[in-house]
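Asker: sequence first, predicted model second:
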Amino acid sequence: MPKETPTISAEQILESEFDYIAQTATQANDDRSSVVSFFVIAVGSPLAAIFSASLPGFNEKDTDILFGGLFLVLSVLGTTTILQLARLRAAWHESMLAMNHMKEFLIKNSDSDIAGAFRWTTKTAPAKFKINSVSFYQALEVAILSGMLFGAFIFFLLNFDLSIKWIICIFSALAFTGFQIYLYRRLLN
């Protein structure tokens, strides 16, 4: 007796592929929110502990070194968070392009006129880097926090006149924030 081979229709394959792509796009969006939440908690928790507790047995220089090191580590964590956000936005974008590719295939090979049923096509899809998007605002939030942390690192690193120190810290914070937004944009373009 010949062995029966199971048959799978092209529609079933397309439907399964479309569901998978939709799930990966949703997961990338969910992961972006988790990454930002983790970073905010990672920043807030040590800062709250530092400012609520005194450090007995440490002189001012030792305390400055400890705080400076902590702020440097937290600003580096901010940079890795920016890298993750850029990668997750890129993953979402790839999923969206894959869905659009499938939609265009279905439009081309359908007996019905279904082109009007779809909002996005490959030509009308949102850009990978889009300033007016939740993804960008999340990256901006992380970049601003990281910039402030980097400014705090510089503050504890420097040992001279307070007025000049503040100017340098503010400039450093703004430069670091700008660098991270540049990095985010560069990874998405």
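Answerer: Sure, I can see it.

Asker: which stretches of this protein form helices?
Answerer: For the chain, applying DSSP state H gives helices covering 10-52, 60-109, 134-157, 162-188.

Asker: what residue lies at the spatial centre of the protein?
Answerer: L85 (1.5 Å; Cα atoms, centre = their mean).

Asker: still on that earlier bit, what would the helices of the chain look like in CSV with mean pLDDT and distance to R119?
Answerer: No exception for glycine: its C-beta is placed from N, CA and C like everyone else's. Formatted as CSV, the helices of the chain follow (pLDDT from 0 to 100; distance: least, Cβ to Cβ, whole Å):
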stretch, mean pLDDT, distance to R119
helix 10-52, 78, 14
helix 60-109, 87, 10
helix 134-157, 92, 18
helix 162-188, 93, 22
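
Asker: in stretch 133-143, what's buried?
Answerer: Using 16 or more other Cβ atoms under 10 Å as the test for burial, stretch 133-143 gives 135-136, 138-140, 142-143.

Asker: what of stretch 180-189?
Answerer: Those would be 180-181, 183-184, 187-188, for stretch 180-189 by 16+ other Cβ under 10 Å.

Asker: list the residues that contact F150.
Answerer: Contact analysis of F150 by Cβ atoms under 8 Å, 6 or more residues apart in numbering lists 71-72, 75, 78, 172-173, 176.

Asker: now with 10 Å, please.
Answerer: The contact partners of F150, taken as Cβ atoms under 10 Å, 6 or more residues apart in numbering, are 71-72, 74-76, 78-79, 169, 172-177, 179-180.

Asker: most surrounded residue in the residues you listed?
Answerer: Using other Cβ atoms under 10 Å as the neighbour criterion, Q180 leads the contacts of F150 with 27 neighbours.

Asker: so who does the closest residue to that residue other than its chain neighbours touch?
Answerer: Closest residue to Q180 apart from its sequence neighbours, by Cβ to Cβ, 6 or more residues apart in numbering: A143 at 3.9 Å. By Cβ under 10 Å, 6+ apart, A143 lies in contact with 78-79, 81-82, 85, 136, 176-184.

Asker: just Y20 next, same as before
Answerer: Taking Cβ under 10 Å, 6+ apart, one finds 95, 98 in contact with Y20.

Asker: measure it to A98 for me?
Answerer: For Y20, the distance to A98 equals 9 Å [Cβ to Cβ, to the nearest Å].
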